[in-house]
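Visitor: model the following, please.
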Amino acid sequence: MSEARGPVRVALVGATGLVGRAVIASASAGDEARIVGIARREAPLPPGARMEMFVADPAKWGEVFEAVRPRALVCALGTTWKKAGRDAAAFRAVDHDLVLATAEAAHRAGVPNMVLVSAAGADARSKTLYMRVKGETEEALSKTGFKRFDILRPGLLRGERVGDLRFAERAALIAAPLVDPLLSGAWERFRSIDAAVVAEAALGLALRRAGGRFTHDNEAMRRAAREWRRTRETEDAQ
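Guide: Numbering: from 1, shown residues only. Purely as a prediction, here's the structure:
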């Protein structure tokens with residue numbers, strides 16, 4: 001359980017994505033964490049967002065970390081094969097290179113905790129580019145030196161994306177209620193999960209004090225999210 005008391009600054013990169021927006025919404029609903037968003041360009045924020053947003057070139061993100069001194073970094077950065085122009089190097093530049101550079105900048109600035117939103121099936125030895133890059137990124141970040149490093153590996157993310165139509169993903173989400181029960185054993189990790197649950201887990205884990213490297217599947221994220229909600233309810237009652 002988190003030992004944090006009062007608003008704690010949590011840096012967020014990838015604020016405009018599905019999980020990033022859910023992190024903002026969850027943090028804005030209480031006073032446990034205050035989000036400091038860092039982005040390459042301006043973008044609309046979710047309604048009711050209570051946060052700070054810094055827009056800067058990624059080369060300057062380290063200066064932002066130095067200035068705001070967050071307790072943790074939540075990284076929800078990522079692109080898609082289509083957005084990367086179906087180019088492997090362009091895809092890797094975001095999902096591996098930019099993520100790693102951001103983490104290294106945060107670590108140099110003294111940020112002790114990092115939470116990475118990865119993907120179910122991430123494996124540096126995978127034959128699939130997406131899963132291989134995700135796995136390679138996890139391995140690289142594990143060597144960065146954070147006191148605590150949490151890897152979230154959600155299955156298919158449920159939630160409303162803003163300005164990002166993914167037809168294959170939409171079809172999968174429609175089929176999820178029927179497909180999820182059929183996924184068992186090693187395939188169970190690919191079941192769908194609400195982005196809001198992933199966000200709550202990310203916030204709760206970001207504020208934990210115990211050190212180490214931890215990997216969380218869907219069920220572990222649900223447990224972390226429930227604990228985050230219980231902590232919030234307890235503090236609200238005080």
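Visitor: please tell me how far residue 38 sits from residue 127.
Guide: For residue 38, the distance to residue 127 (C-beta to C-beta, to the nearest Å) stands at 34 Å. Bear in mind the C-beta positions are built from the backbone N, C-alpha and C, glycine included.
Visitor: which one of those two has more residues nearby?
Guide: It is residue 38, of residue 38 and residue 127, that has more neighbours when counted by other C-beta atoms under 10 Å, with 25 against 7.
Visitor: give me the secondary structure label for residue 154.
Guide: What DSSP: H, G, I helix; E, B strand; the rest coil gives for residue 154 is coil.
Visitor: correct me if wrong: it contacts residue 117.
Guide: Yes. With contact defined as C-beta atoms under 8 Å, residue 154 counts as touching residue 117 (7.2 Å).
Visitor: quick one: mean pLDDT for the longest helix belonging to the chain?
Guide: Identified as the longest helix of the chain according to DSSP state H is helix 218-237. Per-residue pLDDT over helix 218-237 has a mean of 88.
Visitor: check which helices and strands it is in contact with.
Guide: strand 193-194, helix 195-206 (3 or more C-beta pairs under 8 Å, 6 or more residues apart in numbering; DSSP states H and E).
Visitor: export these as CSV, with columns for mean pLDDT and distance to residue 234.
Guide: Listed next are the helices and strands packed on helix 218-237 as CSV, based on pLDDT from 0 to 100; distance: least, C-beta to C-beta, whole Å:
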stretch, mean pLDDT, distance to residue 234
strand 193-194, 94, 23
helix 195-206, 97, 13
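Visitor: so which of the ones you listed is the most surrounded?
Guide: Most buried of the helices and strands packed on helix 218-237, by mean neighbour count (mean count of other C-beta atoms under 10 Å): helix 195-206, with a mean of 27.
Visitor: and the angle from that helix to helix 218-237?
Guide: Here the directions of helix 195-206 and helix 218-237 differ by 70 degrees (axes from the mean of the first three to the mean of the last three C-alpha atoms, to 10 degrees).
Visitor: which is the next helix or strand following helix 195-206?
Guide: Going down the chain from helix 195-206, the next helix or strand is strand 212-216, by DSSP states H and E.
Visitor: picking that back up, export the helices and strands packed on helix 218-237 as CSV, with columns for distance to residue 145.
Guide: Listed next are those as CSV, based on distance: least, C-beta to C-beta, whole Å:
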stretch, distance to residue 145
strand 193-194, 29
helix 195-206, 17
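Visitor: out of those, which gets nearest to residue 21?
Guide: Closest to residue 21 of the helices and strands packed on helix 218-237 is helix 195-206 (C-beta to C-beta; 8.0 Å).
Visitor: list phi and psi for residue 87.
Guide: phi -120, psi 120 (degrees, to the nearest 10).
Visitor: name all residues that make contact with the closest residue in space to residue 121 that isn't next to it in sequence.
Guide: The shortest distance from residue 121 to any non-neighbouring residue, by C-beta to C-beta, 6 or more residues apart in numbering, is to residue 131 (4.9 Å). Residues counted as contacts of residue 131 (C-beta atoms under 8 Å, 6 or more residues apart in numbering) are 119, 121, 122, 123.
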